[in-house]
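Q: Build me a model from this:
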Amino acid sequence: MTVDLSPVQEYYKDKTIFITGASGFMGKVLLEKLLYSCHSLKEVIIICRPKRGKAPETRLEEMFKLPIFQRIKDERPEMLKKVTIYQGDVTFDQLGLSGESLKHVTESTNIVFHMAATLKLEGNLRDAIDMNLLGTRRALNVAKEMKQLEAFVHLSTAFCNCDQEVMYEKVYEFPHKPEDLMRLAEWMDVKTLDAITPDLLKPHPNTYTYSKRLAELLVRDHYESMPVIIARPSIAAAIQIRASYNRQQPPQCLKRKSPIKCIPIVRHKTLLKTTNHINHCTQTPSSLTKKFNEHAMKTEEDRNCNQPPLTPASASASA
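A: Purely as a prediction, here's the structure:
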(Lines give C-alpha, C1' and ligand atoms only; values in the text may rest on other atoms or scores of the structure.)
Protein backbone atom coordinates (compact mmCIF):
# COMPACT_ATOMS: atom_id res chain seq x y z
CA MET A 1 0.00 0.00 0.00
CA THR A 2 1.33 3.41 -1.00
CA VAL A 3 1.45 5.96 1.78
CA ASP A 4 0.87 9.57 0.81
CA LEU A 5 3.61 11.85 2.10
CA SER A 6 3.09 15.41 3.26
CA PRO A 7 5.13 18.14 1.51
CA VAL A 8 7.58 18.12 4.42
CA GLN A 9 7.94 14.34 4.35
CA GLU A 10 8.34 14.41 0.59
CA TYR A 11 11.13 16.95 0.88
CA TYR A 12 13.05 14.81 3.35
CA LYS A 13 12.53 11.60 1.39
CA ASP A 14 15.90 9.90 0.74
CA LYS A 15 17.74 12.90 2.24
CA THR A 16 20.75 12.74 4.54
CA ILE A 17 20.79 15.24 7.41
CA PHE A 18 23.88 16.26 9.35
CA ILE A 19 23.38 17.72 12.84
CA THR A 20 25.83 19.39 15.21
CA GLY A 21 24.69 19.68 18.81
CA ALA A 22 22.33 16.70 18.57
CA SER A 23 23.06 15.75 22.18
CA GLY A 24 21.81 19.11 23.44
CA PHE A 25 18.29 20.11 24.41
CA MET A 26 17.20 21.48 21.04
CA GLY A 27 19.18 18.82 19.20
CA LYS A 28 17.29 15.98 20.87
CA VAL A 29 13.95 17.58 20.01
CA LEU A 30 14.94 18.02 16.37
CA LEU A 31 16.37 14.51 16.08
CA GLU A 32 13.24 12.93 17.55
CA LYS A 33 10.99 14.98 15.29
CA LEU A 34 12.93 14.05 12.16
CA LEU A 35 13.04 10.35 12.99
CA TYR A 36 9.38 10.12 13.92
CA SER A 37 7.73 12.40 11.37
CA CYS A 38 10.07 12.10 8.39
CA HIS A 39 10.40 8.32 8.28
CA SER A 40 11.27 8.33 4.58
CA LEU A 41 14.58 10.13 5.16
CA LYS A 42 17.73 8.20 4.30
CA GLU A 43 20.09 8.94 7.19
CA VAL A 44 20.81 11.30 10.06
CA ILE A 45 24.49 11.87 10.84
CA ILE A 46 25.39 13.38 14.19
CA ILE A 47 28.70 14.19 15.85
CA CYS A 48 29.43 13.84 19.53
CA ARG A 49 32.54 14.09 21.67
CA PRO A 50 33.51 11.61 24.39
CA LYS A 51 32.32 12.79 27.80
CA ARG A 52 33.06 11.54 31.31
CA GLY A 53 34.86 8.54 29.89
CA LYS A 54 31.94 7.56 27.65
CA ALA A 55 32.43 7.04 23.92
CA PRO A 56 30.03 8.73 21.46
CA GLU A 57 28.35 5.39 20.73
CA THR A 58 27.64 4.86 24.42
CA ARG A 59 26.26 8.37 24.79
CA LEU A 60 23.92 7.74 21.84
CA GLU A 61 22.64 4.52 23.41
CA GLU A 62 21.95 6.39 26.65
CA MET A 63 20.25 9.23 24.78
CA PHE A 64 17.86 6.81 23.08
CA LYS A 65 16.79 5.61 26.54
CA LEU A 66 15.32 9.04 27.33
CA PRO A 67 11.49 9.23 27.40
CA ILE A 68 11.43 11.63 24.46
CA PHE A 69 12.46 8.77 22.14
CA GLN A 70 9.97 6.28 23.59
CA ARG A 71 7.32 6.69 20.90
CA ILE A 72 9.93 5.95 18.22
CA LYS A 73 10.97 2.78 20.03
CA ASP A 74 7.30 1.80 20.39
CA GLU A 75 6.08 2.65 16.89
CA ARG A 76 9.08 2.96 14.54
CA PRO A 77 12.11 1.31 16.13
CA GLU A 78 13.73 0.78 12.73
CA MET A 79 14.25 4.55 12.48
CA LEU A 80 16.91 4.47 15.20
CA LYS A 81 19.08 2.45 12.83
CA LYS A 82 19.15 5.42 10.46
CA VAL A 83 21.26 7.42 12.91
CA THR A 84 25.02 7.40 12.29
CA ILE A 85 27.26 8.86 14.99
CA TYR A 86 30.86 10.01 14.58
CA GLN A 87 33.25 11.37 17.14
CA GLY A 88 33.45 15.09 16.47
CA ASP A 89 33.72 18.50 18.10
CA VAL A 90 32.96 21.97 16.72
CA THR A 91 35.99 23.38 18.55
CA PHE A 92 38.27 21.44 16.18
CA ASP A 93 39.04 22.09 12.52
CA GLN A 94 36.85 20.03 10.19
CA LEU A 95 34.68 19.47 13.27
CA GLY A 96 37.09 16.82 14.46
CA LEU A 97 36.20 14.61 11.49
CA SER A 98 38.78 12.90 9.33
CA GLY A 99 39.25 10.05 6.90
CA GLU A 100 36.17 8.00 6.08
CA SER A 101 33.89 9.90 8.45
CA LEU A 102 34.67 13.26 6.83
CA LYS A 103 34.33 11.72 3.38
CA HIS A 104 30.93 10.27 4.21
CA VAL A 105 29.68 13.57 5.63
CA THR A 106 30.85 15.67 2.67
CA GLU A 107 29.67 13.24 0.00
CA SER A 108 26.28 12.32 1.46
CA THR A 109 24.85 15.32 3.33
CA ASN A 110 21.93 17.25 1.85
CA ILE A 111 20.89 19.35 4.84
CA VAL A 112 22.88 20.69 7.79
CA PHE A 113 21.41 21.76 11.11
CA HIS A 114 24.13 23.60 13.02
CA MET A 115 22.88 23.63 16.61
CA ALA A 116 26.04 23.22 18.69
CA ALA A 117 26.67 26.14 21.05
CA THR A 118 27.75 26.99 24.55
CA LEU A 119 24.84 28.31 26.60
CA LYS A 120 26.91 29.66 29.48
CA LEU A 121 25.46 33.15 29.70
CA GLU A 122 28.25 34.43 31.91
CA GLY A 123 31.03 32.34 30.40
CA ASN A 124 34.26 34.01 29.31
CA LEU A 125 34.37 35.61 25.89
CA ARG A 126 37.12 33.39 24.49
CA ASP A 127 35.11 30.22 25.08
CA ALA A 128 31.95 31.80 23.66
CA ILE A 129 33.75 32.89 20.51
CA ASP A 130 35.48 29.54 20.12
CA MET A 131 32.21 27.60 20.36
CA ASN A 132 29.55 29.92 18.99
CA LEU A 133 31.48 31.93 16.41
CA LEU A 134 34.53 29.90 15.40
CA GLY A 135 32.42 26.75 15.73
CA THR A 136 29.99 28.19 13.19
CA ARG A 137 32.84 29.03 10.83
CA ARG A 138 34.19 25.49 11.13
CA ALA A 139 30.74 24.08 10.37
CA LEU A 140 30.41 26.38 7.35
CA ASN A 141 33.83 25.30 6.10
CA VAL A 142 32.84 21.63 6.22
CA ALA A 143 29.52 22.45 4.56
CA LYS A 144 31.36 24.14 1.69
CA GLU A 145 32.85 20.75 0.84
CA MET A 146 29.46 19.02 0.75
CA LYS A 147 28.73 18.00 -2.82
CA GLN A 148 24.95 17.74 -2.42
CA LEU A 149 24.23 20.55 0.04
CA GLU A 150 20.73 22.00 -0.24
CA ALA A 151 20.43 23.93 3.02
CA PHE A 152 22.61 24.99 5.94
CA VAL A 153 20.35 25.87 8.87
CA HIS A 154 22.04 27.90 11.61
CA LEU A 155 20.30 27.88 14.97
CA SER A 156 20.55 31.37 16.44
CA THR A 157 18.51 32.91 19.27
CA ALA A 158 15.71 35.48 19.44
CA PHE A 159 17.76 37.36 22.03
CA CYS A 160 20.85 38.07 19.92
CA ASN A 161 19.48 41.50 18.94
CA CYS A 162 18.51 42.67 22.41
CA ASP A 163 19.07 46.31 21.47
CA GLN A 164 16.16 46.18 19.02
CA GLU A 165 12.81 47.13 20.51
CA VAL A 166 11.08 45.48 17.56
CA MET A 167 12.99 42.71 15.83
CA TYR A 168 12.25 41.97 12.19
CA GLU A 169 13.23 38.91 10.19
CA LYS A 170 16.57 40.25 9.07
CA VAL A 171 20.19 40.21 10.20
CA TYR A 172 21.04 43.46 11.97
CA GLU A 173 24.34 45.24 11.45
CA PHE A 174 26.77 45.57 14.34
CA PRO A 175 29.97 47.65 14.70
CA HIS A 176 32.09 44.58 15.45
CA LYS A 177 33.04 42.27 12.60
CA PRO A 178 33.09 38.49 13.18
CA GLU A 179 36.54 38.06 11.61
CA ASP A 180 38.02 40.79 13.82
CA LEU A 181 36.70 39.20 17.01
CA MET A 182 37.89 35.74 16.00
CA ARG A 183 41.39 37.10 15.43
CA LEU A 184 41.25 39.04 18.70
CA ALA A 185 40.32 35.93 20.68
CA GLU A 186 43.15 33.98 19.07
CA TRP A 187 46.05 36.31 19.89
CA MET A 188 44.97 38.21 23.01
CA ASP A 189 45.71 36.65 26.40
CA VAL A 190 42.73 35.64 28.53
CA LYS A 191 43.38 38.20 31.30
CA THR A 192 43.41 41.15 28.89
CA LEU A 193 40.41 39.84 26.96
CA ASP A 194 38.42 39.44 30.18
CA ALA A 195 39.32 43.02 31.15
CA ILE A 196 37.93 44.52 27.93
CA THR A 197 34.94 42.17 27.65
CA PRO A 198 32.42 44.48 29.43
CA ASP A 199 33.14 47.24 26.90
CA LEU A 200 32.99 44.86 23.94
CA LEU A 201 29.65 43.37 24.94
CA LYS A 202 27.63 46.60 25.06
CA PRO A 203 24.65 46.62 24.59
CA HIS A 204 24.61 42.85 25.11
CA PRO A 205 24.14 41.55 28.67
CA ASN A 206 26.36 38.49 28.26
CA THR A 207 28.85 36.68 26.04
CA TYR A 208 26.20 34.25 24.77
CA THR A 209 23.96 36.77 22.98
CA TYR A 210 27.01 38.73 21.82
CA SER A 211 28.71 35.73 20.20
CA LYS A 212 25.43 34.52 18.67
CA ARG A 213 24.87 37.93 17.09
CA LEU A 214 28.31 37.81 15.49
CA ALA A 215 27.57 34.27 14.29
CA GLU A 216 24.47 35.54 12.48
CA LEU A 217 26.60 38.08 10.65
CA LEU A 218 29.08 35.36 9.71
CA VAL A 219 26.33 33.14 8.30
CA ARG A 220 24.80 36.06 6.42
CA ASP A 221 28.14 36.78 4.77
CA HIS A 222 28.05 33.27 3.26
CA TYR A 223 24.61 33.77 1.73
CA GLU A 224 25.80 34.59 -1.78
CA SER A 225 27.80 31.38 -2.07
CA MET A 226 25.83 28.95 0.13
CA PRO A 227 22.14 28.08 0.77
CA VAL A 228 22.18 29.33 4.37
CA ILE A 229 19.15 29.79 6.60
CA ILE A 230 18.93 31.35 10.07
CA ALA A 231 16.41 30.21 12.69
CA ARG A 232 15.78 32.25 15.85
CA PRO A 233 14.04 30.22 18.56
CA SER A 234 13.05 31.92 21.79
CA ILE A 235 12.83 30.27 25.23
CA ALA A 236 13.84 26.70 24.49
CA ALA A 237 12.86 25.46 27.95
CA ALA A 238 9.21 25.74 26.99
CA ILE A 239 9.61 22.91 24.49
CA GLN A 240 9.99 20.56 27.40
CA ILE A 241 6.73 21.69 28.96
CA ARG A 242 4.52 21.65 25.89
CA ALA A 243 6.01 18.63 24.14
CA SER A 244 6.04 16.42 27.22
CA TYR A 245 2.53 17.50 28.18
CA ASN A 246 1.08 16.71 24.75
CA ARG A 247 2.70 13.29 24.64
CA GLN A 248 1.88 12.33 28.24
CA GLN A 249 5.58 12.26 29.10
CA PRO A 250 7.12 13.39 32.37
CA PRO A 251 8.52 16.93 32.21
CA GLN A 252 12.03 15.68 32.94
CA CYS A 253 12.14 13.87 29.57
CA LEU A 254 15.08 16.08 28.66
CA LYS A 255 17.79 17.09 31.06
CA ARG A 256 19.06 20.52 30.15
CA LYS A 257 20.44 23.53 31.97
CA SER A 258 17.93 26.29 31.56
CA PRO A 259 17.11 29.77 32.87
CA ILE A 260 14.01 28.10 34.33
CA LYS A 261 15.64 25.37 36.40
CA CYS A 262 12.60 24.79 38.57
CA ILE A 263 10.49 23.43 35.70
CA PRO A 264 11.15 19.69 36.24
CA ILE A 265 10.10 19.75 39.91
CA VAL A 266 6.66 21.30 39.37
CA ARG A 267 3.63 19.38 38.14
CA HIS A 268 3.43 20.37 34.52
CA LYS A 269 -0.33 20.94 34.43
CA THR A 270 0.14 23.69 36.99
CA LEU A 271 3.17 24.92 35.12
CA LEU A 272 1.29 25.24 31.84
CA LYS A 273 -1.36 27.29 33.57
CA THR A 274 1.28 29.55 35.09
CA THR A 275 3.26 30.12 31.91
CA ASN A 276 0.10 31.07 30.04
CA HIS A 277 -0.09 34.14 32.28
CA ILE A 278 3.29 35.45 31.15
CA ASN A 279 2.18 37.88 28.47
CA HIS A 280 5.58 38.45 26.90
CA CYS A 281 6.89 34.89 27.03
CA THR A 282 7.39 33.07 23.76
CA GLN A 283 8.31 29.47 23.25
CA THR A 284 9.77 27.27 20.56
CA PRO A 285 7.42 24.44 19.56
CA SER A 286 8.78 20.97 18.96
CA SER A 287 7.40 21.20 15.43
CA LEU A 288 10.24 23.61 14.56
CA THR A 289 11.34 21.06 11.94
CA LYS A 290 8.43 22.13 9.76
CA LYS A 291 9.40 25.80 9.92
CA PHE A 292 13.02 25.00 9.12
CA ASN A 293 11.88 22.90 6.19
CA GLU A 294 9.56 25.52 4.75
CA HIS A 295 12.48 27.90 4.48
CA ALA A 296 14.82 25.21 3.19
CA MET A 297 12.51 24.59 0.25
CA LYS A 298 12.35 28.32 -0.48
CA THR A 299 16.08 28.94 -0.25
CA GLU A 300 16.78 28.84 -3.96
CA GLU A 301 13.72 30.82 -5.02
CA ASP A 302 14.64 33.54 -2.51
CA ARG A 303 18.22 33.66 -3.79
CA ASN A 304 17.74 37.18 -5.22
CA CYS A 305 17.10 38.66 -1.77
CA ASN A 306 19.84 40.54 0.05
CA GLN A 307 19.20 38.63 3.27
CA PRO A 308 19.22 34.88 3.91
CA PRO A 309 15.86 33.29 4.80
CA LEU A 310 15.23 33.83 8.51
CA THR A 311 12.49 32.43 10.73
CA PRO A 312 11.67 33.34 14.35
CA ALA A 313 10.77 29.65 15.04
CA SER A 314 8.67 30.79 18.01
CA ALA A 315 5.09 30.92 19.13
CA SER A 316 3.29 32.94 21.76
CA ALA A 317 2.82 31.44 25.19
CA SER A 318 -0.92 31.31 24.65
CA ALA A 319 -0.64 29.40 21.39
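Q: ok, now how distant is the residue most central in space within the chain from L41?
A: Residue closest to the average C-alpha location in the chain (CA atoms, centre = their mean): M115, at 2.4 Å. Between M115 and L41 the computed distance is 17 Å (CB to CB, to the nearest Å). The C-beta positions use only the backbone N, C-alpha and C, and glycine is treated the same way.
Q: picking up where we left off before, so what does the residue nearest to the centre of the chain have for phi and psi?
A: For M115, the backbone dihedrals (degrees, to the nearest 10) come out as phi -120, psi -10.
Q: Who are the contact partners of the closest residue in space to it that isn't next to it in sequence?
A: In this structure, M115 finds its nearest non-sequential neighbour in G21, 3.5 Å apart by CB to CB, 6 or more residues apart in numbering. For G21, the contact set (CB atoms under 8 Å, 6 or more residues apart in numbering) comprises G27, V90, H114, M115, A116, A117, L155.
Q: G21 and T136, how far apart?
A: 11 Å.
Q: Look up the residues that both of those two are in contact with.
A: With CB under 8 Å, 6+ apart, G21 and T136 have common neighbours H114.
Q: quick one on the thing from earlier: got a list of what the residue nearest to the centre of the chain touches?
A: M115 neighbours (CB under 8 Å, 6+ apart): I19, T20, G21, A22, G24, M26, G27, L30, L155.
Q: The last one is in contact with V112, isn't it?
A: No - between L155 and V112 there is no contact, the gap being 10.7 Å when judged by CB atoms under 8 Å.
Q: for the stretch 151-300 of the chain, which spans come out with low pLDDT?
A: 235-300 (pLDDT under 70).
Q: After the helix or strand encompassing G135, heading C-terminal, what element do we hit next?
A: Using DSSP states H and E, G135 sits within helix 134-144. For helix 134-144, the succeeding helix or strand toward the C-terminus, using DSSP H and E, is strand 151-155.
Q: which residues are in contact with whatever helix or strand comes next after that next one?
A: The first helix or strand that comes after strand 151-155 along the chain, using DSSP H and E, is helix 178-187. The contact list for helix 178-187 (CB under 8 Å, 6+ apart) reads 125-126, 129-130, 133-134, 137, 193, 200, 214-215, 217-218, 221.
Q: Please tell me which one of the residues you listed counts the most neighbours.
A: Looking at the contacts of helix 178-187 with neighbours defined as other CB atoms under 10 Å, the largest count falls to A215 at 30 neighbours.
Q: Without its sequence neighbours, what residue ends up closest to that one?
A: Per CB to CB, 6+ apart, closest to A215 is T136, 4.5 Å.
Q: Return the residues in contact with the one you found.
A: H114, H154, A215, L218, V219.
Q: Which of those fall in helices?
A: Applying DSSP state H to those, the entries found in helices are A215, L218, V219.
Q: Pull up the gap between the last one and M226, please.
A: Using CB to CB, one gets 9 Å for the distance from V219 to M226.
Q: what's the answer for the second one, then?
A: When CB to CB is the yardstick, L218 and M226 sit 11 Å from each other.
Q: Find the residues that touch each one of those two.
A: By CB under 8 Å, 6+ apart, the residues touching both L218 and M226 are L140.
Q: and L125, what does it touch?
A: L125 neighbours (CB under 8 Å, 6+ apart): A185, L193, D194, T197, L200, L201, T207, Y210, S211.
Q: Let's see that with 10 Å instead.
A: 133, 181, 184-185, 188, 190, 193-194, 196-198, 200-201, 206-207, 210-211 (CB atoms under 10 Å, 6 or more residues apart in numbering).
Q: now swap in R76 and tell me
A: L35, Y36, S37, H39, K82.
Q: among those, which two are most distant?
A: Using CB to CB, the pair of the contacts of R76 lying farthest apart is S37 and K82, separated by 13.1 Å.
Q: L60 - how many residues pack around it?
A: For L60, using other CB under 10 Å, the count is 18.
Q: do the same with L155
A: 29.
Q: Can you name the residues that contact it?
A: Counted by CB under 10 Å, 6+ apart, L155 has contacts 19-21, 24, 26-27, 30, 113-117, 136, 212, 215, 229-233, 236, 284, 288, 292, 313.
Q: mind running it again at 7 Å?
A: With contact set as CB atoms under 7 Å, 6 or more residues apart in numbering, L155 has these partners: M26, F113, H114, M115, A231, P233.
Q: same question, I47
A: Going by CB under 7 Å, 6+ apart, the list of residues near I47 reads T20, Y86, G88, L95, G96.
Q: what about it, helix or strand, and which?
A: I47 belongs to strand 43-48, assigned by DSSP H and E.
Q: That strand pairs with which strands, and in what direction?
A: Using DSSP bridges, the strands paired with strand 43-48 are strand 16-20 (parallel), strand 83-87 (parallel).
Q: Could you pull up the mean pLDDT of the last one?
A: Strand 83-87 shows a mean pLDDT of 97.
Q: So which bits of it are buried?
A: V83, T84, I85, Y86 (16 or more other CB atoms under 10 Å).
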